[in-house]
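[1] I'll drop the sequence and a predicted model, then ask my questions.
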Amino acid sequence: MKILIKNAQIVNEGKIIQSDILIDNDLISKIESQISDEADQIIDASGKYLLPGVIDDQVHFREPGLTWKGDIETESRAAIAGGTTSFIEQPNTVPNAVTQELLADKYEIASEKSFANYGFMMGGTNDNLEEVLKTNPRNVPGIKLFLGSSTGNMLVDNPETLENIFSNTKMLIAVHCEDEATIRENTQKYLDAYGEDIPVKFHHLIRSEEACYKSSSKAVELAEKTGARLHVFHLSTSKEMQLFRNDIPLKDKKITAEVCVHHLTFTNEDYDTKGGLIKWNPAVKTQTDKDGLWEALLDDRIDVIATDHAPHTWEEKQNVYTKCPSGAPLVQHSLVVMLENFKNGKISLERIVEKMAHNPAILFRIEKRGFIREGYKADLVLIDLNEKWTVEKENILYKCGWSPLEGTEFHSKVTHTFVNGNLVYENGKINEEKFGERLLFEVEE
């Protein structure tokens, strides 16, 4: 199957150029200003922008074990509608993916059900070092450690275990950093004052700046000591930004940083209107924190933008504070949120592509994806920068059926998504055939 895209504004590797692009089966075969080859399908992209598909390095698709909230099929479907063509999923499913066998089970499910390309993190615990060390770096993106307890029972708090994992694997170690003792102490203080129904506006004071910094600074220190490759997920405070550097290229960094769309979008002021819908771990914090994250994103201390997509049912989110789970669905809307920031003059299109496609590919050493290059997989997204639409129940594709962005008007729209050369999404219609493939990773000799 050959698809020819004509007259696109291609956003890639720091430049925007008008060009044609020829897709041959699953690969980009030609990028030239005028291509006149025969093709099975021709798409005129005049006035539209062509981006490499988004690679979301942190999602929770809830399968197996929590599939009433979401599953690989529903959430990857939402992903391609939003221009995300590859995802890396986390191990805190049920059962937790903490053995090679359980990890293989998830890959098996995805091979049958995923609309997007997929990778699954191996989970570390206090006592599974042997299993962790069996992980194949060629086809697994990395090891995930929860240094603060979140959804699931995967807290790694034994210093000896941590040092062992950091010292013994060459694989990337991705961490959730919040200090457990600090959070417990803060929670108790608010429980004493309010009982179970703590006002959600205190969430950022319970899962505080101190809890985040204490944990992330320890992780960075351990990585520096052991030489491990460390990637710190969903940073949420301005203070943590001092832990990261921007004086060397990403490919040479051993310690890297990610920010999520919600920490760039909301602040603690939004708890009044959004309540538990924007309860995340780590918490959405202050305007000062949001400003600090933006500054670090733009000066390259932060390398990647992701979602931490984590659906829960509407009913679960209506519970009192102590029973309201943290997390919200975002994978269908992450790109348009960032395009809105482009519209508002906060970030360029080239930088959005760098942080959402190029950099995840470089950081995880993903083979032949994340760039618009001849010979690379044709994971592409076409966007119209001048199409208004509003997030409404009817157009939300998450299994949970809600979004913290409901009612938000956007001024850009994803019109086409290609996964491995297949047109999987076009103007609101999804091709129900599943073309997602397992991500592969380049291994240093």
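    Here it is on my side, so go on.
[2] so where does the closest residue to Leu380 other than its chain neighbours fall, helix or strand?
    Nearest non-adjacent residue to Leu380, counting by CB to CB, 6 or more residues apart in numbering: Phe418, 4.3 Å away. Just so you know, the C-beta spots here come from the backbone N, C-alpha and C atoms, and that holds for glycine as well. Secondary structure assignment for Phe418, by DSSP states H and E: strand 413-419.
[3] Below-threshold pLDDT in the stretch 101-250 of the chain: ranges please.
    The stretch 101-250 of the chain contains residues with pLDDT under 70 at 148-153.
[4] Was I right to think the residue nearest to Leu380 contacts Tyr376?
    No - taking contacts as CB atoms under 8 Å, Phe418 lies outside contact range of Tyr376: 11.9 Å.
[5] Helices along the protein, start to end?
    Under the criterion DSSP state H, the chain carries helices at the ranges 72-81, 100-113, 129-133, 159-168, 180-194, 203-206, 209-226, 261-265, 271-274, 287-298, 314-317, 334-343, 349-353, 359-363.
[6] which stretch among the ones you listed comes nearest Gln34?
    The minimum distance between Gln34 and the helices of the chain falls on helix 349-353, with 23.3 Å, by CB to CB.
[7] Would you mind checking the average pLDDT for that closest one?
    On average, the pLDDT along helix 349-353 is 98.
[8] Against which helices or strands is it packed?
    With contacts taken as 3 or more CB pairs under 8 Å, 6 or more residues apart in numbering; DSSP states H and E, helix 349-353 sits against strand 2-12, strand 15-24, strand 49-52, helix 334-343.
[9] From the rest of the structure, what touches it?
    Residues from elsewhere that reach helix 349-353 (CB atoms under 8 Å, 6 or more residues apart in numbering): 11-12, 14-16, 49, 51-52, 298, 305, 335, 338-339, 341-342.
[10] And it, how far out from the chain middle?
    Taking CA atoms, centre = their mean, to the nearest Å, one finds helix 349-353 lying 16 Å from the centre of the chain it belongs to.
[11] repeat for stretch 158-172
    24 Å.
[12] More neighbours: Phe418 and Tyr376, which one.
    Phe418 (27 against 18; other CB atoms under 10 Å).
[13] what sits against the more buried one?
    Ile3, Ile23, Gly53, Thr85, Ala378, Asp379, Leu380, Val381, Val424.
[14] Can you report how many residues neighbour the fifth one?
    Spelled out, that is Ala378. By other CB under 10 Å, 26 other residues sit near Ala378.
[15] Now do the contacts for Ser334.
    Val54, Asp56, Gly82, Thr84, Val261, Ile305, Ala306, Thr307, His309, Met356.
[16] Can you give me the pLDDT of Gly401?
    At Gly401, the pLDDT value in this model is 98.
[17] list the contacts for it?
    Listed by CB under 8 Å, 6+ apart, the contact partners of Gly401 are Trp314, Lys393.
[18] Pull up the gap between it and Asn281, please.
    22 Å (CB to CB, to the nearest Å).
[19] ok, Gly123 - how many residues close by?
    For Gly123, the neighbour count with other CB under 10 Å is 26.
[20] And for it, nearest residue in space, chain neighbours not counted?
    Once flanking residues are discounted, Gly123 sits nearest to Pro91: 3.0 Å by CB to CB, 6+ apart.
[21] Surely the one you found and Met122 touch.
    Yes - using CB under 8 Å, Pro91 is in contact with Met122, at 6.4 Å.
[22] Quick check: neighbours shared by the two?
    Ala97, Val98, Leu103, Lys144.
[23] now those: which count as buried?
    Listed as buried from the shared contacts of Pro91 and Met122 are Ala97, Val98, Leu103, Lys144; burial here means 16 or more other CB atoms under 10 Å.
[24] What separation do you get for the last one and Tyr107?
    Using CB to CB, one obtains 15 Å as the distance from Lys144 to Tyr107.
[25] do the same with Thr417
    23 Å.
[26] With neighbour numbers in mind, choose between those two.
    Shown here are Thr417 and Tyr107; by other CB under 10 Å, Thr417 has more neighbours (29 against 16).
[27] From Thr286, how far off is the more buried one?
    Distance from Thr417 to Thr286, counting by CB to CB: 35 Å.
[28] quick one on the thing from earlier: closest to Thr408 among the contacts of Phe418?
    The closest of the contacts of Phe418, once distances to Thr408 are taken by CB to CB, is Val381, at 19.8 Å.
[29] now the closest one: how far from Ser412?
    Taking CB to CB, one finds Val381 at 11 Å from Ser412.
[30] More neighbours: those two, which one.
    More neighbours surround Val381 than the other of Val381 and Ser412, with 26 against 21 (other CB under 10 Å).
[31] Which pLDDT value belongs to the residue nearest to the more buried one when sequence neighbours are not counted?
    Nearest residue to Val381 in three dimensions, chain neighbours excluded: Gly83, at 3.8 Å (CB to CB, 6+ apart). According to the prediction, Gly83 has pLDDT 98.
[32] shouldn't Gly83 be in contact with Leu50?
    No - in this structure, Gly83 is not within contact of Leu50 by CB under 8 Å, at 10.9 Å.
[33] Mutual contacts of those two, please.
    Common neighbours of Gly83 and Leu50 (CB under 8 Å, 6+ apart) are Val381.
[34] returning to what we had before: for the strand holding Phe418, which strands pair with it and how are they oriented?
    Partners of strand 413-419 in the sheet, by DSSP bridges, are strand 380-384 (antiparallel), strand 422-426 (antiparallel).
[35] Hey, what's the angle from it to strand 15-24? Just curious.
    With axes from the mean of the first three to the mean of the last three CA atoms, to 10 degrees applied, the angle from strand 413-419 to strand 15-24 works out at 50 degrees.
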